[in-house]
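Engineer: got a structure for you, letters missing:
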């Protein structure tokens with residue numbers, strides 16, 4: 001039975017960053033990932049460009065050289081693959097973790113594939129993109145409804161209702177409009193979300209002003225049926241049916257709270273923010289750490305690659321006892 005020093009759940013950028021720090025510290029490691037490497041980025045819209053500059057999504061001290069300031073999806077996928085190969089990261093891909101159990105001095109990590117792995121420490125870096133936020137309305141799981149958007153060509157010459165008004169919704173609306181799609185955005189707020197990328201705001205607002213993208217602000221989505229969507233204006237209480245060949249529910253995502261609970265991590269309600277040490281990222285389960293967006297609960301907008309990647313060094317420092325050594329060195333100097 002091999003017992004790894006560190007087992008990492010999730011091979012996104014933050015999970016990779018933990019693997020790199022473990023490798024640099026001379027710790028044996030294994031990264032378990034239920035999909036491919038950086039699976040969430042692979043599933044991004046095909047022509048997506050990152051909000052952060054390339055240098056802010058680098059990991060492992062390896063430069064991310066591109067011609068533009070911001071990387072696109074393909075460039076990021078290539079970069080993270082190359083960095084993983086450079087550090088000889090140890091993966092077991094297409095392996096989904098069901099739960100983790102703490103024994104006396106190690107963890108047993110169980111997978112849906114029936115294989116159990118063993119480690120002294122475990123880091124959960126599962127992100128959030130696999131778990132779209134649901135509104136709990138009828139018709140939300142119909143075949144023509146999707147919580148993800150990849151490219152416009154499926155929707156050309158059709159009517160699409162987009163629920164949501166943040167970055168994903170705005171980018172999808174603009175791209176769909178430019179590919180002969182009749183687009184209507186439905187949002188409960190009175191305007192687009194203030195977090196929308198600054199360069200998208202004038203574009204989308206001008207398209208709305210021209211009537212090329214339709215909006216229904218101050219509106220709740222009440223039900224979805226074949227070929228139509230029921231909305232209600234929160235100001236007037238008036239209901240309206242919108243024609244829709246397709247519906248894109250782009251209202252955000254949440255972390256895998258059930259996995260955390262199955263691993264013994266306590267969650268605060270209703271935010272689902274886990275209990276953890278903000279310095280070491282160790283949870284209420286000794287030896288079990290969190291890295292990346294998973295620490296933010298439902299507030300996924302607070303942690304990105306550029307600040308989530310920094311968790312990795314703090315975690316491995318704690319695992320390797322570096323903080324203890326630093327304190328000892330300070331005491332010795334005094």
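Structural biologist: Structure's in. What do you need? Predicted model, so just to flag it, every value in this text is computed and none were measured.
Engineer: buried set for stretch 46-62?
Structural biologist: Buried residues in stretch 46-62, defined by neighbour count with 16 or more other Cβ atoms under 10 Å: 48-51, 54, 56-60. The way it works is simple: take the backbone N, C-alpha and C, and place the C-beta from them, glycine included.
Engineer: hey, where'd the helices end up in the stretch 201-334 of the chain?
Structural biologist: Counting by DSSP state H, counting those that start in this stretch, the stretch 201-334 of the chain has these helices, from start to end: 201-209, 257-262, 305-308, 310-319, 322-333.
Engineer: of the ones you listed, which approaches residue 5 most closely?
Structural biologist: Shortest distance between residue 5 and the helices of the stretch 201-334 of the chain, using Cβ to Cβ, is found for helix 310-319: 7.4 Å.
Engineer: tell me what the closest one is packed against?
Structural biologist: Here helix 310-319 is seen to pack against strand 3-9, helix 13-24, strand 288-290 when contacts are counted using 3 or more Cβ pairs under 8 Å, 6 or more residues apart in numbering; DSSP states H and E.
Engineer: quick check: which element contains the residue nearest to residue 263 when sequence neighbours are not counted?
Structural biologist: The spatially closest residue to residue 263, leaving aside those adjacent along the chain, is residue 100, at 4.2 Å (Cβ to Cβ, 6 or more residues apart in numbering). Taking DSSP states H and E as the criterion, residue 100 maps to strand 97-102.
Engineer: sheet-wise, list the partners of that strand with their directions.
Structural biologist: Applying DSSP bridges to the sheet, strand 97-102 is found paired with strand 107-111 (antiparallel).
Engineer: buried set for the partner strand?
Structural biologist: 107, 109-111.
Engineer: hmm, back to that, make TSV out of the helices and strands packed on helix 310-319 and add mean pLDDT, mean neighbour count and distance to residue 215.
Structural biologist: Compiled in TSV, those are given as follows (pLDDT from 0 to 100; neighbours: other Cβ atoms under 10 Å; distance: least, Cβ to Cβ, whole Å):
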stretch	mean pLDDT	mean neighbour count	distance to residue 215
strand 3-9	98	24	40
helix 13-24	97	26	34
strand 288-290	98	26	38
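Engineer: ok, which of the ones you listed comes nearest residue 306?
Structural biologist: helix 13-24 (9.5 Å).
Engineer: need the contact partners of the closest one.
Structural biologist: 5-6, 8-9, 28-29, 31, 33, 37-38, 41, 57, 59-60, 80, 83-84, 87-90, 123, 125-127, 291-293, 305, 308-309, 311-313, 315-316, 319 (Cβ atoms under 8 Å, 6 or more residues apart in numbering).
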